[in-house]
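**Student:** Structure for this input, please:
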Amino acid sequence: MKIVYIGVLRNAQPDPIELCCERELSSYSRFTRGSISEFTTMFSKLLTARTNPGQRQDVQEKDFTFHVYSSGQARGITGIIISDDEYPSMAAHQILSKLLDEFTTQHPTAATSTGTISFPVLRTYIAQYQDPQNVGSILKIQKELDETKVVLHKTIESVLERGEKLDDLVQKSEGLSSQSKMFYTSAKKQNSCCIVM
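**Tutor:** Prediction:
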């Protein structure tokens, strides 16, 4: 997983303006970096022009995913992250929200700018967020939930592997009322007519 490009653009007419950007192209040969750099700028401008204010979208192009967010509050300002297709979309859009909030706070007149704007924090963003786990608590919570689900699934499987039967567990359970136990038994009897051997 990697981020190749982070940029902030202004949706100017007739052609969007790249206000600031950072690229991480160290994994590419020196001969292809220039072409990839031009590719990132060209497609970022194209997607900026075709994204409505307040809209988020992910666009796939070969091995890259363009994560686009056009700010609804700062009309005309769009953030774009270009990553490989393995980078989580949720993480990219969290970064874009944070990025545009910070950018528009520091540069409130960016929506009328006609040239580049210095925003050195982009270097930090592109370095820090190469690992999507650094993005925030939502992804960490999701990862913990996924791990817990696997652990619970394994625990149930291990109980069944030891030879314990669900019937025995229901009968032994003190937490179930006699009515629940009777419901389980009658449901089992009704479903037994449908077993095909």
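
**Student:** Let me see the domain layout of the protein.
**Tutor:** For the chain, automatic domain parsing gives the domain ranges 3-135, 141-191.

**Student:** okay, now His107: neighbour count?
**Tutor:** A count of nearby residues for His107, using other CB atoms under 10 Å, gives 18. C-beta coordinates here come from the backbone N, C-alpha and C atoms, glycine included.

**Student:** Can you say which of the domains of the chain is packed in most?
**Tutor:** domain 3-135 (a mean of 17; mean count of other CB atoms under 10 Å).

**Student:** end to end, how far does that one reach?
**Tutor:** Distance between the two ends of domain 3-135: 13 Å, counting by CA to CA, to the nearest Å.

**Student:** on that earlier part again, take the domains of the chain and lay them out in TSV including mean pLDDT.
**Tutor:** Listed next are the domains of the chain as TSV, based on pLDDT from 0 to 100:
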stretch	mean pLDDT
domain 3-135	88
domain 141-191	57
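
**Student:** What segments of the protein are strands?
**Tutor:** 3-10, 17-23, 56-61, 64-70, 77-84 (DSSP state E).

**Student:** Any chance of a markdown table for these, columns distance to Leu47?
**Tutor:** Below are the strands of the chain laid out as a markdown table (distance: least, CB to CB, whole Å):
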| stretch | distance to Leu47 |
| --- | --- |
| strand 3-10 | 9 |
| strand 17-23 | 12 |
| strand 56-61 | 6 |
| strand 64-70 | 5 |
| strand 77-84 | 6 |
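
**Student:** For the nearest residue to Ser89 once chain neighbours are set aside, name its beta-bridge partners.
**Tutor:** With sequence-adjacent residues excluded and distances taken as CB to CB, 6 or more residues apart in numbering, Ser89 is closest to Asp58, at 5.3 Å. Asp58 has these beta-bridge partners by DSSP bridges: His67.

**Student:** Asp58 and Pro132, how far apart?
**Tutor:** Between Asp58 and Pro132 the computed distance is 14 Å (CB to CB, to the nearest Å).

**Student:** Tell me who's in contact with the residue nearest to Ser89.
**Tutor:** 65-68, 89, 92 (CB atoms under 8 Å, 6 or more residues apart in numbering).

**Student:** And it, how far from Ser37?
**Tutor:** Taken as CB to CB, the span from Asp58 to Ser37 is 21 Å.
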